[in-house]
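Sequence below, structure please.
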Amino acid sequence: MIDPGEAEIVRRVFCLFQEGMSLKRIAGVLNDEGVRAPNDGGRGNKKLGGWGHTTVRAMLCNERYIGRIT
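Below is the predicted model:
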């Protein structure tokens, strides 16, 4: 099921990357704006909260976001 709030963040990340913004800069923009990262709130193995460039890269490489289910 698609969450409208999360979908907006995903679209924004793809747009920023398409405009030429680096992964680290995208993560910085999201952190500066206080956007919760997927693993914030104690899930996963992250010690610190917030977005990292690896999280942004994983999102961009996830084929589900372009509608490809394997």
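
what bits of this structure have low per-residue confidence?
Residues of the chain meeting the criterion pLDDT under 70: 41-48.

Give me the residue at the spatial middle of it.
residue 56 (4.4 Å; C-alpha atoms, centre = their mean).

C-alpha coordinates for whatever helix or strand that one lives in, CSV please?
Taking DSSP states H and E as the definition, residue 56 sits inside helix 53-61. Taking Å, rounded to 0.1, in the frame of the first residue of the first chain, the C-alpha atoms of helix 53-61 are listed here in CSV:
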residue,chain,number,x,y,z
HIS,A,53,23.9,9.1,1.6
THR,A,54,23.7,5.3,1.7
THR,A,55,20.0,5.6,2.6
VAL,A,56,19.4,7.9,-0.4
ARG,A,57,21.4,5.6,-2.7
ALA,A,58,19.4,2.5,-1.5
MET,A,59,16.2,4.4,-2.3
LEU,A,60,17.3,5.4,-5.8
CYS,A,61,18.4,1.8,-6.6
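
Need the contact partners of it.
10, 13-14, 17, 22-24, 26-27, 30, 37-39, 65 (C-beta atoms under 8 Å, 6 or more residues apart in numbering). Every residue, glycine included, has its C-beta placed from N, CA and C.

quick check, nearest of these to residue 49?
Here the nearest of these to residue 49, counting by C-beta to C-beta, is residue 37; it sits at 6.5 Å.

on that earlier part again, how about the helix holding residue 56: buried residues?
Applying a neighbour-count criterion of 16 or more other C-beta atoms under 10 Å, one finds 55-56, 59-60 buried in helix 53-61.

Would you map the helices across the protein?
Secondary structure of the chain (DSSP state H): helices located at 4-18, 23-32, 53-61.

so of these, which one's packed in deepest?
When the helices of the chain are scored by mean count of other C-beta atoms under 10 Å, the highest mean neighbour count falls to helix 23-32 (a mean of 17).

Could you name the helices and strands sitting against that one?
helix 4-18, helix 53-61 (3 or more C-beta pairs under 8 Å, 6 or more residues apart in numbering; DSSP states H and E).
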